[in-house]
Structure formats: structure tokens, C-alpha cells
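Asker: just a sequence and a predicted model for now, questions to come.
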Amino acid sequence: MGVVSGFVDFVIVVFSVVLALTVPLIDAQICLPSGFYPPALVDLKRWYEEEYGDYLMKERPHFYIGLVWVEIVFLWPLSIANIYGILARRPWAVTTALMAGISTATGMVSLMAEYLGSGRASDKLLQLFTPFLAFSFFAILKGLFSKPRHTVIKQSHAAAARKKRA
């Protein structure tokens, strides 16, 4: 079970690093003025739009802007917490992984429904987003089936006896 758990942790950390970098540097350009970003990042976003045919990023429909705000306000901090929590083996990382997994799954289902339903998405774009569904699946599994490690505090017999009398 340790190998499976280690693999799941690895997947979550890798995708959390990807999200921790792409959300503020690329995705946030949807909501914030391009003047906030250096020209190299603006060009990188434009290249991505053209290379992968991401029409939602180019057209910026309102639901997509809302999903990006959820990424900025909710998913980005969770990604940072996941990286630290998993690498430092914090017991609360189980909860942050579950939250990030559910948030990612919800957003990805919305995006994939649009991409597949519209018929406008390129195969390259669909292949780029499919691993994020796997990430959300692994993060949810970690959150549901991992047991957080609790610190056991041993009390002396005298302290326990005093506690019982009080």
C-alpha cells in the first residue's frame, strides 16, 4: 500500500506544482489586465491559445472567467498547501487534497462538457486537459481513503487522575 500511496502523493504534488505556477502566471491573465504581466508571459499565453486552440481562453465567456476566479481564490492556495502538506507529511494534507480534487473535478467537468459539446476543441487541447481529471481522481481518493496521522499525547497517570477528579 505504501507504493500506491507514494505514487498518489507524487501525482498530487506534480499537478499541484503545475497549478501553483500556471494559475497566477497564465490563467490569471484572463481576469487581470495584461499590463500586470511581462510581455514574455503575455506572449506565452497567446502562443498557448493558438497552439492548442483554446477558444475559451481567447473568447473569455463569463462562465470561464468565473472558473478562473475560483482557481485564483480557492485552488491556487490549496495547491500551495498540498505541496507543503504532502512533502512535510502534515496530517491536514488529506483534507486539502480532497478539497483540491473536488474543485478541480468540478471545473474540469464544466470545461470538458463545453469542449466536447461544442465540437470546437482540438484533440491536442483535450489531451492537455485529460490528465487534470486523473489528478482530481487521485486527490479525491487520497482525501477519502487516507487516514491522517494523529499525534498521540501520553498523559502521566497522575495527570490523568487529577483530570478525572476535576
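Answerer: Structure received.
Asker: how about the contacts made by Ile65?
Answerer: 30-31 (CB atoms under 8 Å, 6 or more residues apart in numbering). From N, CA and C alone the C-beta is placed, and that goes for glycine too.
Asker: quick one: mean pLDDT over the one helix or strand it maps to.
Answerer: Following DSSP states H and E, one finds Ile65 within helix 62-70. Mean per-residue pLDDT for helix 62-70: 97.
Asker: ok, Pro131 - how many residues close by?
Answerer: 14 (other CB atoms under 10 Å).
Asker: just name the shakiest helix or strand of the protein by mean pLDDT.
Answerer: helix 157-165 (a mean of 61; mean pLDDT, DSSP states H and E).
Asker: pull the number of nearby residues for Leu25.
Answerer: Leu25, neighbours per other CB under 10 Å, totals 14.
Asker: quick check: it touching Leu41?
Answerer: Yes. The criterion here is CB atoms under 8 Å, and Leu25 meets it with Leu41 at 5.8 Å.
Asker: I'd like to know how many residues surround Ala20.
Answerer: 19.
Asker: distance of it relative to Arg46?
Answerer: If you measure Ala20 against Arg46 using CB to CB, to the nearest Å, the figure is 22 Å.
Asker: need the single longest helix in the chain, by residues.
Answerer: Looking across the chain with DSSP state H, the single longest helix is helix 93-118.
Asker: shaky segments in the protein?
Answerer: Along the chain, segments meeting pLDDT under 70 span 1, 148-166.
Asker: quick one: neighbours of Phe74, just the number.
Answerer: 14.
Asker: and the nearest residue to it once chain neighbours are set aside, how far from Lys45?
Answerer: Nearest residue to Phe74, sequence neighbours excluded (CB to CB, 6 or more residues apart in numbering): Ser103, at 5.9 Å. To Lys45, Ser103 is 22 Å away according to CB to CB.
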